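Visitor: Could you look at this predicted model? Sequence included:
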Amino acid sequence: MEFVADSDEELGIGEVARRTGLSVHALRFYEREGLLISPHVARGTGGHRRYSPQEVYWLRICIKLRASGMPLAKIRRFAELVREGPGNEEQRLELLREHRRHVLEQLAELEDCLHIINRKVGVYEQHLAEGTAEGVWSAKA
C-alpha cells in the first residue's frame, strides 16, 4: 500500500478517499481528532479540503497503525510528535517500539489460533477422506 506521488498536486477529499479506502466521513473524523500531520487541512477555492501527497502518505501510515490495533489516542500522540518537528525522535521511536511489541503479541496469539485451526482442518479432512466423519466432533480429535 505504498503511496507514490505522481506530482505535488493537492487532492480533493473524494480522491483521497478513493486512494486510501477511507470514507469522506472518516477523513473528516481523522482531521477533527488531530490525527493528521498538518494542524489544518489546506482549503482550496470554495473552501474544499485539499490534501498534499505527504498528507495522503501519512494517512496510509495511520490506516496501517489503526488496522494493527494502535488506539486513536496513540496515533494522535504520534501525529503531535511529528508536528512538533525534530528533537523528539526518541519518543516517536518508543511509541513505535511499544506498538511493535503489541503487534508481535497479537501475531503470536494468531499463530497459536492458526495451529489449532490447522489441526482441526486435518482431523476433518482425514475423517472425510476415510468416510468416518459422522460424529467427528470429539474433544479427543
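Guide: Nice, I can see it. Numbering: from 1, shown residues only.
Visitor: and the top helix by length along the chain, how far out from the chain's middle?
Guide: Secondary structure of the chain per DSSP state H: the longest helix is helix 89-130. Mean-position distance between helix 89-130 and its chain equals 17 Å (Cα atoms, centre = their mean, to the nearest Å).
Visitor: so where's the protein uncertain?
Guide: 1-7, 138-141 (pLDDT under 70).
Visitor: Spell out the secondary structure type for the residue nearest the centre of it.
Guide: Ranked by distance to the mean C-alpha position of the chain (Cα atoms, centre = their mean), the top residue is Lys64 at 2.2 Å. Secondary structure state of Lys64, per DSSP: H, G, I helix; E, B strand; the rest coil, is helix.
Visitor: separation between it and Leu35?
Guide: 13 Å (Cβ to Cβ, to the nearest Å). C-beta here means a position set from N, CA and C on the backbone, and glycine is covered the same way.
Visitor: likewise Glu9?
Guide: Taking Cβ to Cβ, one finds Glu9 at 23 Å from Leu35.
Visitor: and those two? which has more neighbours close in?
Guide: Shown here are Glu9 and Leu35; by other Cβ atoms under 10 Å, Leu35 has more neighbours (20 against 10).
Visitor: Is the more buried one part of a helix or strand, or is it coil?
Guide: Quick answer, by three-state DSSP: Leu35 is coil.
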